[in-house]
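Novice: give me coordinates for this.
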Amino acid sequence: MSTVLESTRALRKAGNVTAALSSLEVAFNQNSQDIAVAMELGQILVDLKRSGEATVIFQRCIAHHPTDADLRLALGAALLEHGEPANAAAVFLKASRLAPARLTPRMMLTKSLFAAKRHQEALSILHQTAQNFPDVPEIWAMRGTIERELNDTEAAARSFRQQVLLAPNDSNALNNLGVALRALHRVDESITLYRQALALAPDSALAHANLGNALDATGDTAAAEFHLRQAATLDPTSTDCRYNFAAHLVRMEKPDESVSHMRHVISVAPQRWDAWTNLGVALVALGELEEAESCYRAALKLRPTTPEPHYNLAWLLLLSGRWQEGWREYEWRWQLPHLSILKRQDVAKAWDGSAQPASIILIQCEQGLGDSIQFVRLAKHVRALCRRVIVECPPSLASLFSSVDGIDQLVPQGSALPHHDFSCYLLSLPGLLGLTPDAPKLGLPYIAAPQTVPSHLVLAVSHRPKIGFVWAGSPDNKIDRRRSCDVRLFKTLFDGLDVDVVSLQTGPKAGEMEASDFPGLVFDINGRVTDWADTASIISQLDLIIGVDTAVIHLAGALGMPAWVLLPSSPDFRWFLERTDTPWYSSIFIYRQRVRGDWPGVFSAVRTALTKWLDSRV
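Specialist: Model (predicted):
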């Protein structure tokens with residue numbers, strides 16, 4: 001080793017990089033043919049983030065040594081570092097031709113082509129390289145990475161599996177395969193691989209994050225939160241780990257903790273539209289609507305054509321009563337992946353809200369049953385603008401909707417559609433019709449219960465008031481954790497009161513009630529009703545319905561039956577804020593949480609009101 005290199009390396013070891021650099025620059029200027037000096041000097045410049053200067057050094061030395069593959073590798077690496085992947089690829093190609101038996105030039109060529117987004121070229125080189133070096137795990141890892149980028153997830157899984165076979169104790173290989181399998185919806189297999197990766201590398205933030213996300217997808221939210229928290233703790237500098245954890249907290253209705261993490265992500269990566277959007281969601285849950293709106297609009301400045309912030313902004317605007325902009329923004333819902341896949345392709349062109357007196361308009365129900373019940377009232381407004389209205393609805397609603405004014409034909413979802421000239425989605429109607437919260441007669445009853453109650457649904461006659469109740473909505477609703485409550489709160493509510501109680505709860509949550517131990521229970525509809533017309537028959541026999549925000553409450557309002565809806569502090573957009581009534585249903589009274597999560601406080605107020613209501617009936 002030359003004296004110059006010995007002295008400069010000693011200076012670098014002592015921390016005096018400036019002196020080492022100066023010494024090397026003098027030596028290189030004296031002899032630009034010295035490969036060792038050029039390599040040392042160029043590497044220091046790259047380490048100092050001065051890769052542009054490093055490329056000049058390497059090019060000068062290559063002029064004297066045009067066949068030296070290592071110099072070209074160094075130059076290519078400097079160009080790649082300097083943000084010139086296409087130029088780097090040209091240099092690495094030359095290096096690979098100078099050293100055809102070496103793997104490194106080919107791998108660097110592939111890396112630079114990938115960085116230049118020339119994916120097919122990179123993949124072609126890797127196919128050839130794998131034939132020459134079949135037992136190198138890195139080749140298969142890179143192949144899988146490029147195949148995923150090309151959306152060929154099946155091929156990526158095969159490549160990553162080969163990587164695992166060659167490096168079974170490499171946690172990164174296990175992670176790679178896990179990610180590919182999860183993308184193929186093979187979540188259980190991916191979880192197994194992530195656990196294996198963690199067994200090899202317990203402190204791997206990546207493995208914890210991947211496992212947490214996969215567990216979240218299976219509904220194992222407690223375990224998911226543990227691993228996502230571990231990931232954020234193990235790698236506090238990773239915005240991805242912090243964001244994933246914060247987003248999970250938002251979904252789990254833990255906005256207080258989520259907000260600080262989202263703010264941190266944004267402080268480090270202000271360009272992350274997803275963090276701005278989820279911060280907005282958390283702030284809405286906390287009732288901070290003004291700041292939440294600013295977050296959504298910040299996300300839209302960054303990604304104006306991304307549907308998620310538009311959809312969340314729509315929710316906030318509608319909740320605030322700003323319907324004109326709100327319904328317009330709500331149209332972005334159809335670009336959300338989970339909704340866009342539900343759109344039928346065999347429908348006529350979209351109706352624009354204009355009068356079409358000679359035309360047939362198809363209205364398609366969408367989303368939840370409560371949505372369909374709430375908005376089907378608008379069919380008569382459409383009927384006033386066209387010759388005929390067809391409504392496609394869930395089969396369980398078909399009989400119920402037969403009484404709705406303005407519907408000429410009902411078609412159960414899944415059936416062939418009859419001829420129609422225009423189509424529209426049910427929740428697009430408020431925007432198309434220019435509906436406002438003060439629209440006249442908006443809250444009047446518009447659905448009729450069957451005239452004859454089926455014998456098996458007739459409630460026993462008694463002198464006691466009959467009260468129906470419901471405590472849980474669909475778990476698929478994005479705010480269901482917030483809007484549903486514990487059935488035991490209703491047990492306390494009715495305890496000691498001289499009333500007949502009817503459970504209107506159906507589905508999985510119905511099993512939470514222990515009928516034998518529920519005060520005043522005289523009827524449980526679970527397993528007894530076949531459709532919503534049956535439920536309407538039950539409701540029509542009641543004196544009062546009390547429940548959380550569910551389709552049952554919407555049905556009670558649509559029938560004009562007295563109902564009390566119990567809402568979280570940040571409710572669904574249709575219930576607005578603060579007010580105790582709703583323009584949608586004239587027969588519904590609202591009880592709201594004054595403190596987030598305080599269901600006992602709501603039920604205390606309802607108990608007082610219910611006692612007064614009973615006294616007034618004596």
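Novice: next, the buried residues of the lowest-mean-pLDDT helix or strand in the chain.
Specialist: Of the helices and strands making up the chain, the lowest-confidence element is helix 3-13, at a mean of 79, by mean pLDDT, DSSP states H and E. Within helix 3-13, the residues scored as buried using 16 or more other CB atoms under 10 Å are 4-5, 8, 11-12. (Glycine included, C-beta is placed from N, CA and C.)
Novice: kindly report the same for stretch 427-438.
Specialist: 427-433, 435.
Novice: can you give me the neighbour number for residue 596?
Specialist: The number of residues packed near residue 596 is 15, by other CB atoms under 10 Å.
Novice: thought it was touching residue 571?
Specialist: No - using CB atoms under 8 Å, residue 596 is not in contact with residue 571; the gap is 11.3 Å.
Novice: now do the least confident helix or strand of the chain: which elements does it pack against?
Specialist: Applying 3 or more CB pairs under 8 Å, 6 or more residues apart in numbering; DSSP states H and E, we find helix 3-13 packed against helix 17-30, helix 35-47.
Novice: out of the ones you listed, flag the one nearest residue 217.
Specialist: Closest to residue 217 of the helices and strands packed on helix 3-13, according to CB to CB: helix 35-47, at 41.0 Å.
Novice: averaged pLDDT, the closest one. What do you get?
Specialist: Across helix 35-47, the average pLDDT comes to 86.
Novice: ok, now stretch 202-217?
Specialist: Mean pLDDT, stretch 202-217: 97.
Novice: repeat for stretch 85-101
Specialist: So the average pLDDT for stretch 85-101 ends up being 95.
Novice: list the buried ones in it?
Specialist: Here stretch 85-101 shows 85, 87-89, 91-96, 98-99 as buried, counting by 16+ other CB under 10 Å.
Novice: which one of these is nearest to residue 315?
Specialist: So of the buried residues of stretch 85-101, ranked by how close each gets to residue 315 (CB to CB), first place is residue 85, at 41.5 Å.
Novice: gap between the closest one and residue 482?
Specialist: Remark: distance between residue 85 and residue 482 (CB to CB, to the nearest Å) = 47 Å.
Novice: which residues are contacting the helix ranked longest in the chain?
Specialist: Longest helix in the chain by number of residues (criterion: DSSP state H): helix 599-616. Applying CB atoms under 8 Å, 6 or more residues apart in numbering, the contact partners of helix 599-616 are 465, 485-486, 489-490, 492-493, 497-499, 544, 546, 564, 566, 591-595.
Novice: what mean pLDDT does that helix have?
Specialist: Mean predicted lDDT for helix 599-616 stands at 97.
Novice: so where's this structure shaky on pLDDT?
Specialist: Within the chain, the segments meeting pLDDT under 70 span 1-2, 515-516.
Novice: residue contacts, the residue nearest to residue 584 when sequence neighbours are not counted?
Specialist: The shortest distance from residue 584 to any residue other than its chain neighbours is 5.8 Å, reached at residue 443 (CB to CB, 6 or more residues apart in numbering). Going by CB under 8 Å, 6+ apart, residue 443 touches 557, 582-587.
Novice: ok, residue 443 to residue 323 distance?
Specialist: Residue 443 is 15 Å from residue 323, by CB to CB.
Novice: can you check residue 91 too?
Specialist: Counting by CB to CB - residue 91 and residue 323 are separated by 60 Å.
Novice: before we move on, the earlier item: quick one: which of the contacts of residue 443 sit in helices?
Specialist: In this view, these that belong to helices under DSSP H are residue 557.
Novice: of all the contacts of residue 443, which two lie farthest apart?
Specialist: Maximum distance among the contacts of residue 443 (CB to CB): 12.4 Å, for 583 and 587.
Novice: between the buried residues of stretch 85-101, which is closest to residue 278?
Specialist: residue 85 (32.3 Å).
Novice: and the closest one, how far from residue 112?
Specialist: 5 Å.
Novice: cool, and residue 180?
Specialist: Residue 180 sits 24 Å away from residue 112, going by CB to CB.
Novice: one more: residue 187?
Specialist: Residue 187 is 35 Å from residue 112, by CB to CB.
Novice: okay, those two: which has more neighbours?
Specialist: residue 112 (25 against 18).
Novice: hang on, the more buried one in a helix?
Specialist: Yes - counting by DSSP: H, G, I helix; E, B strand; the rest coil, one finds residue 112 located in a helix.
Novice: measure it to residue 334 for me?
Specialist: Per CB to CB, residue 112 is found 40 Å from residue 334.
Novice: gap between the residue nearest the centre of the chain and residue 549?
Specialist: The structure's the chain has its C-alpha centroid closest to residue 308; by CA atoms, centre = their mean the separation is 8.2 Å. The gap separating residue 308 from residue 549 is 23 Å, by CB to CB.
Novice: just the helices in the stretch 401-550 of the chain please.
Specialist: Using DSSP state H, counting those that start in this stretch, the helices found in the stretch 401-550 of the chain span residues 429-432, 480-483, 487-494, 532-539.
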